[in-house]
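K.L.:
Give me a 3D structure for the following:
(4 chains)
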There are 2 protein chains.
Amino acid sequence: MTRQQFRRPPTAQEAVLAELRRAIISGELRPGEQVLQDALAERFGVSRVPLREALKILEGEGQVIYRPHRGYFVAELDIDDLREVYRIRDLLESEAVRVAVPKITREQITALAEALEAVEHASAAGDLQMMTEANRRFHFGLIESAGMPRLSRLVRVLWDATDVYRSLYYSDGNHREAVHDEHRAVLEAVRLGDAERAVTELRTHRDRAVSALERVLPAR
Amino acid sequence: MTRQQFRRPPTAQEAVLAELRRAIISGELRPGEQVLQDALAERFGVSRVPLREALKILEGEGQVIYRPHRGYFVAELDIDDLREVYRIRDLLESEAVRVAVPKITREQITALAEALEAVEHASAAGDLQMMTEANRRFHFGLIESAGMPRLSRLVRVLWDATDVYRSLYYSDGNHREAVHDEHRAVLEAVRLGDAERAVTELRTHRDRAVSALERVLPAR
DNA sequence: CAATCGCTCATTGGATACAATCTCCACCTC
DNA sequence: GAGGTGGAGATTGTATCCAATGAGCGATTG
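P.N.:
Numbering: from 1, shown residues only, chains lettered A, B, ... in the order given. Just a heads-up that it's a prediction; the model follows:
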């Protein structure tokens, strides 16, 4: 028997947290909007207690802003914020790649290749959700090979903060094409064991996304 | 009238959060120990609800580990963790300094000089608590001059994670002397507008602390 | 005697109820 | 009419109570 993954969320707070993330990424909860606890709790079928605990986690990640006695508000990200997030990602991800490439294993490279293919398949099938997911597998497969758990965690939070914009970027077919080429270039550099090359390719990859988004977003 | 600062914590969770931080830094709550909610809530004179919300914040910062249905445990930091934290600090703080130095103002430099003096006075007076506080003013005065709020926030969390060890380091008079010299070197480089020099001096400053701590900590 | 089962108790998770605070707007004052 | 004042209602903050889960341990069974 292939062990069944049976992943029920063990607590309501975790289930709510997952739902909140989804709602924020999907835009159901819009930037700047107040999170009305009574309404949301009722919608999720839980009381306000687990909802508030989930919100505290999001507060720590900067996804919502907390103002005492006023409540939680979905964080707004302007261009400057986006640039800062991507700049920090550059610093952290470059380090991760420099550490990871020299010690990456065959198996890990295989997993990267698999994720890369999954991205392209999902893209071709027009399944943006699955594409986003596979894209994470690709990038974090590489990053986590560095064996720096705290760094990986920070990068994950930075990705979460800009998830809204990522799907916006992917919705354009030309962007998706560019993404595929860039991924291949990264994987090739990793295969060759050329860390600096991988760092450069990843930087190109990110910079292209930022410039595209800069053209779409409000200037502050 | 010099406007009174009147800083009562507006909510119980914030008061509890501050107390928890203090308790963790001071070692009252020891690494690995379970945070017994009933006991702590009673000790702080609040119910478990605000306590749990404060713990969620600390969970997000990595100061406590949460295991569903089992509770919260004070995070343990071994040498490898310490090295990783300092490596990430290096990446982020170096960036902050490179951005900050070219655009730092006279007033901000004056504030740095003031903080530096406060560190030395507190050190001479043997007031480690005040020294720690002034030390933060010095370092974050510089970092925040970069005008990168998210980066500043990440660095703050990294500092918090190693606060326990920082006081350990300061408790040695020789270390405190070295700290003073290193601070002056940093400030001098900032005054000269030499960002790379400041980055190097800060790296020395950090590296010295890490090596000293490596000699004290358990090897994992 | 080893392994498993099932009970008990300590502890956490969550729902409900109530207290505290903020927002908003009608009203008053000058 | 500008500015301040004082509720009313909405919303958040916290205490209390009960349910759910997990750890420990003795009993049972092969």
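K.L.:
Check the gap between residue A:34 and DNA strand C for me.
P.N.:
In this view, residue A:34 and DNA strand C are 10 Å apart by C-beta to the nearest atom of the strand, to the nearest Å. (Glycine included, C-beta is placed from N, CA and C.)
K.L.:
Share the number of residues neighbouring that residue, please.
P.N.:
Neighbour count for residue A:34, taken as other C-beta atoms under 10 Å in any protein chain shown: 15.
K.L.:
Can you give me the pLDDT of it?
P.N.:
Looking at residue A:34, its pLDDT is 95.
K.L.:
Dihedrals phi and psi, residue A:175?
P.N.:
phi -60, psi -40 (degrees, to the nearest 10).
K.L.:
Identify the spatial nearest neighbour of it, chain neighbours not counted.
P.N.:
Excluding its sequence neighbours, the residue lying closest to residue A:175 (C-beta to C-beta, 6 or more residues apart in numbering or on different chains) is residue A:169, at 5.4 Å.
K.L.:
and the helix or strand containing that neighbour, average pLDDT?
P.N.:
Element membership for residue A:169 (DSSP states H and E) is helix A:163-170. Averaging pLDDT along helix A:163-170 yields 88.
K.L.:
And residue A:32, how close does it get to chain B?
P.N.:
Going from residue A:32 to chain B by C-beta to the nearest C-beta, to the nearest Å gives 17 Å.
K.L.:
you'd agree that residue is in a strand?
P.N.:
No: Residue A:32: not assigned to a strand; according to DSSP: H, G, I helix; E, B strand; the rest coil it is coil.
K.L.:
Quick one: residues contacting it.
P.N.:
A:73-74, A:76 (C-beta atoms under 8 Å, 6 or more residues apart in numbering or on different chains).
K.L.:
What of residue A:157?
P.N.:
A:61-62.
K.L.:
And for residue A:100?
P.N.:
A:142-147, A:195.
K.L.:
May I ask which of those residues has the most neighbours?
P.N.:
residue A:142 (25 neighbours).
K.L.:
so for the helix or strand containing that residue, what's the average pLDDT?
P.N.:
For residue A:142, the host element (DSSP H and E) is helix A:128-144. The pLDDT scores in helix A:128-144 average 96.
K.L.:
in that helix, what's buried?
P.N.:
For helix A:128-144, a neighbour-count test (16 or more other C-beta atoms under 10 Å in any protein chain shown) marks A:128, A:131-132, A:134-144 as buried.
K.L.:
Turn those residues into JSON lines, columns for distance to residue B:11.
P.N.:
Converted to JSON lines, the buried residues of helix A:128-144 look like this (distance: C-beta to C-beta, whole Å):
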{"residue": "A:128", "distance to residue B:11": "40"}
{"residue": "A:131", "distance to residue B:11": "42"}
{"residue": "A:132", "distance to residue B:11": "36"}
{"residue": "A:134", "distance to residue B:11": "42"}
{"residue": "A:135", "distance to residue B:11": "39"}
{"residue": "A:136", "distance to residue B:11": "35"}
{"residue": "A:137", "distance to residue B:11": "40"}
{"residue": "A:138", "distance to residue B:11": "42"}
{"residue": "A:139", "distance to residue B:11": "38"}
{"residue": "A:140", "distance to residue B:11": "36"}
{"residue": "A:141", "distance to residue B:11": "41"}
{"residue": "A:142", "distance to residue B:11": "42"}
{"residue": "A:143", "distance to residue B:11": "37"}
{"residue": "A:144", "distance to residue B:11": "37"}
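K.L.:
Any idea how many residues pack against residue A:82?
P.N.:
Neighbours of residue A:82 (other C-beta under 10 Å): 18.
K.L.:
what's the answer for residue A:103, then?
P.N.:
11.
K.L.:
and residue A:195, how far is that from residue A:141?
P.N.:
Distance of residue A:195 to residue A:141, given as C-beta to C-beta, to the nearest Å: 16 Å.
K.L.:
And for residue A:133?
P.N.:
Distance from residue A:133 to residue A:141, by C-beta to C-beta: 12 Å.
K.L.:
circling back: please export the C-alpha coordinates of the helix holding residue A:169 as CSV.
P.N.:
In CSV, the C-alpha atoms belonging to helix A:163-170 read as follows (Å, rounded to 0.1, in the frame of the first residue of the first chain):
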residue,chain,number,x,y,z
ASP,A,163,2.2,35.8,-4.2
VAL,A,164,-0.6,38.1,-5.3
TYR,A,165,1.6,39.6,-7.9
ARG,A,166,3.2,36.3,-9.0
SER,A,167,-0.1,35.0,-10.4
LEU,A,168,-0.6,38.4,-12.1
TYR,A,169,2.8,37.9,-13.8
TYR,A,170,2.1,34.3,-14.9
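K.L.:
angle of that helix against helix A:128-144?
P.N.:
110 degrees (axes from the mean of the first three to the mean of the last three C-alpha atoms, to 10 degrees).
K.L.:
So which elements touch helix A:163-170?
P.N.:
helix A:12-26, helix A:128-144, helix A:173-192, helix A:195-216 (3 or more C-beta pairs under 8 Å, 6 or more residues apart in numbering or on different chains; DSSP states H and E).
K.L.:
Tell me the buried residues in it?
P.N.:
A:163-166, A:168-170.
K.L.:
Could you single out the nearest of the contacts of residue A:100 to residue B:31?
P.N.:
residue A:147 (21.8 Å; C-beta to C-beta).
K.L.:
distance of the nearest residue to residue A:162 once chain neighbours are set aside from residue A:9?
P.N.:
Of all residues not flanking residue A:162 in the chain, residue A:85 sits nearest, at 5.6 Å (C-beta to C-beta, 6+ apart). From residue A:85 over to residue A:9 the distance is 28 Å, taken as C-beta to C-beta.
K.L.:
More neighbours: those two, which one.
P.N.:
Counted by other C-beta under 10 Å, residue A:85 and residue A:9 do not tie: residue A:85 has more neighbours, with 21 against 13.
K.L.:
Which part of chain A gets nearest to chain B, residue-wise?
P.N.:
residue A:60 (2.6 Å; C-beta to the nearest C-beta).
K.L.:
show me what contacts that residue?
P.N.:
B:56-57, B:59-61.
K.L.:
Equivalent analysis for residue A:27, please.
P.N.:
Counting by C-beta under 8 Å, 6+ apart, residue A:27 has contacts residue A:164.
K.L.:
Least confident secondary structure element in chain A?
P.N.:
One helix or strand of chain A scores below all others by mean pLDDT, DSSP states H and E: helix A:163-170, with a mean of 88.
K.L.:
does the residue of chain A closest to chain B sit in a helix, a strand or a coil?
P.N.:
Residue A:60 ends up helix, using three-state DSSP.
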